Each structure stands twice: as structure tokens, then as C-alpha cells.
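Undergrad: I would like to see how this sequence folds:
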Amino acid sequence: MSSTLESIHVTNDKPQANEDELTYEQQHKPRSEFSSREQYLEHELQIMAPKRWRPNLPFKDYRFEIEDTIPAMAATIGKVVMVGAIAATFAGALGLNEGFVLENVRYELLIASVFIFLFSGFLLPTANLAGTHGPLIPLIPIVVAAGGHPMAFGLLIGAFGLVLAVSKGGSMLANLTSKGVCGGLLLYLGFVGTASQVKKLFAWAEGIGMSHIAFVVIFCTIILYALLEHFRKRWLAVPLSCLLGGTLAFAMGLRSPFKPSQVYPT
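TA: Residues are numbered from 1 along each chain as shown. Predicted coordinates:
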């Protein structure tokens, strides 16, 4: 009896592993143990604990899922659009042709991919992806007028971003700003960006003599987003919106003005 009680006492005194101390590899469960795909993905997000400034290896610290291709595609589309806008602003101020814009987009994607693999995918997964800061666009004509060079401007902004990443300056700036101000800025910038893009879309459609395309694309995009919200699939909004807009425009008679030699490297 005493020996039994002692054995029970010893067993209860053994320290149990805390879930917070377990690694991602130890906490990972196969998809078959979950009743739905959503539960599996939610569990994956909960157990991920990316290491800061230390190697994060695939299948040891994280896994690739088919759903990851959607935000990757959305980020690529956004990067192309923003780089194109930056390069087009420089091209307009410096009197350069569209070839400058296309080459900048190609090289910028190559350069950004190196930083994404090295930092966001390996050393610092919690950092934001390498991107282009839209509010800088109005400053470009001033930079050009002052004699600034696009490469020097890009290197300066990139170095500033790396300093903020290393020093956690971005988080510090965000914490110094109240949530109300951050929310107001997000609403304001979102409204201004949406209004600007709608205006440019209608101006482009009127310029090619097919103003009805802009109305149809915007109307169908609103319906698409409402359906995605209803079915809780908002993460598909960017690729499906691009596919919908391109398909509708092509079906209504629009053809791409670019030649193969302009789009693909020669």
C-alpha cells in the first residue's frame, strides 16, 4: 500500500511539459485529426512560434500550405502595381518611356525576392514583406526637382526600413500612436486610395472609348466581395477580383496594348 502511494506520489511530482515550451514540430498534428480544413489552419497559426534573427527552417518551424499561394499572389500583384506607380512617376518627371517602368518592375521583383527569402522566410518571419510605401509617391516629383536619383532614393528608403526592422522602430512608432488615430488613418487612406483608383479607372475607360467597362467591373467586383464575405472566403478577394476584371474586360472587347517584346525579357 505504502509503495503504491509512493509510486503515485513520485509520478505526480514529475514535471509536465508546458505547451508554450513545446516546439512547432512537437505540437504539429496531421490534417486527418481535425474535422475541417479551417480548424487545421487555425491550429497551425496558433502553434507557430517564429524565431527572431535565428534560422527558421521549413517543416521544422513552419509548413507550406496551398492557401499560402493566395496571399503570395496578392502580394506580387500589389508589388507590381506599386512599383509600376513609383517608376511611372519617376518616368513622367524625367521624361522616360514605358520601357523604364517595365525594367524597374522586373528588377524590383528580383531584388525584393532576395530580401523576402532571406529575412521574411528565414531570419525574421515576423517582419513585414518587402514592399513599396504608397504615400511616398507624391514626394517623387519633389525629389526629382531637387536632383535626386531613383536608385539613391530607393537605397535610402531601403536602409531606413532595415534600421526600423532591426531596432523595432516600426512597432515603437505604432505604439506611440493611439488606436483611434491609426484606425482613422487607415480609413482615410483607404477611402482616398479607393476614390483615386475608381477615378483613374473611369478616366482610362473613357480614354479608350469604352467607359461602360469600368462600371461593369466595379459593380461585379462589389458583388464578388459580398459573396466572399458571405462564404467567409475574403482571402480570395485579390486574385478573384483580378481574374474577374480581366475576364470581363476581355469579354467586352478590350485587348492588351502591350506587345510580347515589352512584357517578356528579350
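Undergrad: Was I right to think Cys182 contacts Ala174?
TA: Yes. The pair Cys182 and Ala174 passes the contact test of Cβ atoms under 8 Å, sitting 6.9 Å apart. C-betas here are computed from N, CA, C, even on glycine.
Undergrad: How is Ile116 assigned, secondary-structure-wise?
TA: Following DSSP: H, G, I helix; E, B strand; the rest coil, Ile116 is assigned to helix.
Undergrad: Leu254 too?
TA: Under three-state DSSP, Leu254 falls in the coil class.
Undergrad: Could you check how many residues crowd around it?
TA: 14 (other Cβ atoms under 10 Å).
Undergrad: separation between Ser120 and Val216?
TA: Distance, Ser120 to Val216, using Cβ to Cβ, to the nearest Å: 37 Å.
Undergrad: So Leu227 versus Thr69, what's the distance?
TA: From Leu227 to Thr69 the distance is 21 Å (Cβ to Cβ).
Undergrad: what's the answer for Leu124, then?
TA: Leu124 is 22 Å from Thr69, by Cβ to Cβ.
Undergrad: again with Ala152
TA: According to Cβ to Cβ, Ala152 and Thr69 sit 35 Å apart.
Undergrad: Same check on Ser241?
TA: Distance from Ser241 to Thr69, counting by Cβ to Cβ: 16 Å.
Undergrad: With neighbour numbers in mind, choose between these two.
TA: Higher neighbour count among Ser241 and Thr69: Ser241, with 18 against 11, using other Cβ under 10 Å.
Undergrad: tell me the pLDDT at the spatially closest residue to that one that is not a sequence neighbour?
TA: With Cβ to Cβ, 6 or more residues apart in numbering as the criterion, Ser241 has its nearest non-adjacent residue at 5.3 Å, and that residue is Thr221. Thr221 is assigned 92 on the pLDDT scale.
Undergrad: count of neighbours near Thr221?
TA: Counted with other Cβ under 10 Å, Thr221 comes out at 17.
Undergrad: Repeat that for Leu240.
TA: 17.
Undergrad: Just name the shakiest helix or strand of the chain by mean pLDDT.
TA: One helix or strand of the chain scores below all others by mean pLDDT, DSSP states H and E: helix 2-13, with a mean of 42.
Undergrad: Quick check: buried residues in the helix or strand following that helix?
TA: As assigned by DSSP states H and E, the chain's next helix or strand after helix 2-13 is helix 24-27. For helix 24-27, the neighbour count (16 or more other Cβ atoms under 10 Å) marks Tyr24 as buried.
Undergrad: Could you check how far helix 24-27 is from the centre of its chain?
TA: From the chain centre to the centre of helix 24-27 is a distance of 26 Å (Cα atoms, centre = their mean, to the nearest Å).
Undergrad: swap in stretch 83-94?
TA: The answer for stretch 83-94 is 21 Å, by Cα atoms, centre = their mean.
Undergrad: Grab the CA positions of it and hand them over as CSV.
TA: In CSV, the C-alpha atoms belonging to stretch 83-94 read as follows (Å, rounded to 0.1, in the frame of the first residue of the first chain):
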residue,chain,number,x,y,z
VAL,A,83,6.5,49.6,-58.2
GLY,A,84,4.8,50.5,-61.5
ALA,A,85,3.3,53.6,-59.9
ILE,A,86,6.6,54.7,-58.4
ALA,A,87,8.5,54.1,-61.7
ALA,A,88,5.8,55.8,-63.8
THR,A,89,6.1,58.9,-61.6
PHE,A,90,9.8,58.9,-62.0
ALA,A,91,9.5,58.3,-65.7
GLY,A,92,7.0,61.2,-66.1
ALA,A,93,9.2,63.6,-64.2
LEU,A,94,12.4,62.6,-66.0
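Undergrad: which parts of it are buried?
TA: Val83, Gly84, Ala85, Ile86, Ala87, Ala88, Thr89, Phe90, Ala91.
Undergrad: Nearest the middle, which residue of the chain would you pick?
TA: Nearest to the mean C-alpha position of the chain, counting by Cα atoms, centre = their mean, stands Ala75 at 3.8 Å.
Undergrad: looking at it, Ile137 is touching Ile86, isn't it?
TA: Yes. Taking contacts as Cβ under 8 Å, Ile137 lies within contact range of Ile86: 6.3 Å.
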